[in-house]
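>>> no sequence for this one, just the structure:
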């Protein structure tokens, strides 16, 4: 292979790498927070890379965006107010706003350049940005949550990069305590939680921090995401109240289109692999 024809992300500690064949590089810049690149690939459409790590592609982003949003939204009894911490490509915001119960969805991403590049290279993900229920803020999401009033929000979706750099504080007990303080009675946090195959220790640390912050009801769900390390990803929901009340009938009769998520996928995603159950005594 000619290295100039491929974008490759090496996976430290996993003795592996992931590559996509590229047609050309479309953009590259150092923002105030991170290095952003956009490639046109042969098979996956456009690809956004942040600090050398694959973030979103045209072809497969729907797995992640649907699974980090709809399972929580169909588990909360009546979600009205949602905050998305991170999520600058706006794909999660688009999925959240498919729910008619949502009265307000605020996306808080520290790096405005991610959104501005998404508007150019991933316009299909940004098509709900002008929805009157949507609000985009380009500020520190950790500070936003810390300063929030009690009972301010029903669901907080943490759609972040890996726990390094600007996103490191989003995986801490202090952040989850601040989330607890501003959530409503049945409030929940849902956060991308990496790969169970490669990052089991991180998932354990997240779950412990969430639980010790008062969010004692936990579910980790699994889904494919082929441009991420191992191709197998997860999200973890942490709630103030029981997560056993999946609104299955609402999900089965959802009045909007999805490409991956449905009621059966929701239930299947909650099945726990044996090594995961043993690791956390589930």
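Yes, it's here. Predicted, not measured: the structure shown is a model, and the values here were computed from it.

>>> can we go C-alpha only for contacts and neighbour counts from here?
OK.

>>> neighbours around residue 153, how many?
Residue 153 has 26 neighbours, counted by other C-alpha atoms under 10 Å.

>>> cool, the one 3 residues further on as well?
Residue 156: 28 surrounding residues under other C-alpha under 10 Å.

>>> and stretch 184-192, which residues are buried?
Of all the residues in stretch 184-192, those buried under the rule 16 or more other C-alpha atoms under 10 Å are 184, 186, 187, 188, 189, 190, 191, 192.

>>> cool, and stretch 135-148?
Going by neighbour count (16+ other C-alpha under 10 Å), the buried part of stretch 135-148 is 136, 137, 139, 140, 141, 142, 145, 146.

>>> Can you classify the nearest residue to residue 260 once chain neighbours are set aside as helix, strand or coil?
In this structure, residue 260 finds its nearest non-sequential neighbour in residue 63, 6.2 Å apart by C-alpha to C-alpha, 6 or more residues apart in numbering. Assigned state for residue 63: helix (three-state reduction, DSSP: H, G, I helix; E, B strand; the rest coil).

>>> Counting neighbours, what do you get for residue 63?
For residue 63, using other C-alpha under 10 Å, the count is 18.

>>> cool, residue 268 as well?
Neighbourhood size, residue 268 [other C-alpha under 10 Å]: 13.

>>> could you say which helix or strand contains it?
Residue 268 belongs to helix 263-269 when assigned by DSSP states H and E.

>>> Buried residues, that helix. List them.
263, 266, 269.

>>> how about JSON lines for those, with pLDDT and distance to residue 226 added?
Listed next are the buried residues of helix 263-269 as JSON lines, based on pLDDT from 0 to 100; distance: C-alpha to C-alpha, whole Å:
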{"residue": "263", "pLDDT": "98", "distance to residue 226": "22"}
{"residue": "266", "pLDDT": "98", "distance to residue 226": "19"}
{"residue": "269", "pLDDT": "97", "distance to residue 226": "16"}
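
>>> In the stretch 1-150 of the chain, mark out all the strands, start to finish.
Assigned by DSSP state E, counting those that start in this stretch, the stretch 1-150 of the chain shows strands spanning 6-11, 16-30, 35-41, 46-50, 53-57, 81-86, 104-108, 134-137.

>>> Would you check that residue 67 makes contact with residue 263?
No. Applying C-alpha atoms under 8 Å, one finds residue 67 not in contact with residue 263, separated by 11.5 Å.

>>> How about residue 121: what's its closest non-neighbour residue?
residue 46 (6.9 Å).

>>> Could you give the number of residues near that neighbour?
Using other C-alpha under 10 Å, residue 46 is surrounded by 21 other residues.

>>> and if you look at the one 4 residues further on?
Look at residue 50: counted by other C-alpha under 10 Å, it has 18 neighbours.

>>> Could you tell me the model confidence score at it?
pLDDT, residue 50: 96.

>>> Quick check: beta-bridge partners of it?
residue 36, residue 53 (DSSP bridges).

>>> Quick check, it in contact with residue 35.
Yes. Using C-alpha under 8 Å, residue 50 is in contact with residue 35, at 5.6 Å.
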